[in-house]
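Trainee: what follows is a protein structure lacking sequence information:
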């Protein structure tokens with residue numbers, strides 16, 4: 001698992017922004033800091049950048065770096 005940030009595309013940010021605005025519960029699959037694949041069901045509370053990296057804050061307070069996201073509602077983010 002690399003800690004070097006890999007920028008995500010605008011399409012990913014648009015998709016997440018749409019979910020944030022709708023308040024819809026979504027399934028997120030991502031790699032945690034230990035490199036383990038995690039699946040959670042959450043709402044997107046906030047999207048923001050800090051120190052040149054993009055993050056998502058979930059409704060329950062989970063902070064996920066956007067380049068660690070693998071799937072959103074079963075859709076691979078590489079396909080967006």
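Mentor: Looks like it came in fine. Nothing here was measured: the structure is a model prediction, and the numbers come from that model.
Trainee: next, residue 29: phi, psi?
Mentor: phi -120, psi 130 (degrees, to the nearest 10).
Trainee: with residue 59 instead?
Mentor: Residue torsions, per degrees, to the nearest 10, at residue 59 are phi -60, psi -30.
Trainee: and residue 48, what pLDDT?
Mentor: Residue 48 carries a pLDDT score of 96 in this model.
Trainee: partners of the closest residue in space to residue 42 that isn't next to it in sequence in the sheet?
Mentor: Of all residues not flanking residue 42 in the chain, residue 58 sits nearest, at 3.8 Å (Cβ to Cβ, 6 or more residues apart in numbering). Placement of C-beta: from N, CA and C, glycine included. Counting by DSSP bridges, residue 58 forms beta bridges with residue 44.
Trainee: read off the pLDDT value for residue 58.
Mentor: 97.
Trainee: name the residues that touch the host helix or strand of residue 11?
Mentor: Using DSSP states H and E, residue 11 sits within helix 10-22. Outside helix 10-22, the residues that touch it by Cβ atoms under 8 Å, 6 or more residues apart in numbering are 26, 43-47, 54, 56, 66, 69, 72, 77, 80.
Trainee: and the residue nearest the centre of the chain, what is it in contact with?
Mentor: Closest to where the C-alpha atoms of the chain average out (Cα atoms, centre = their mean) is residue 66, at 4.2 Å. Counting by Cβ under 8 Å, 6+ apart, residue 66 touches 8, 12-13, 16, 47, 53-56.
Trainee: widest-spaced pair of those residues?
Mentor: Spanning the widest gap among the contacts of residue 66 are 16 and 53, at 14.5 Å by Cβ to Cβ.
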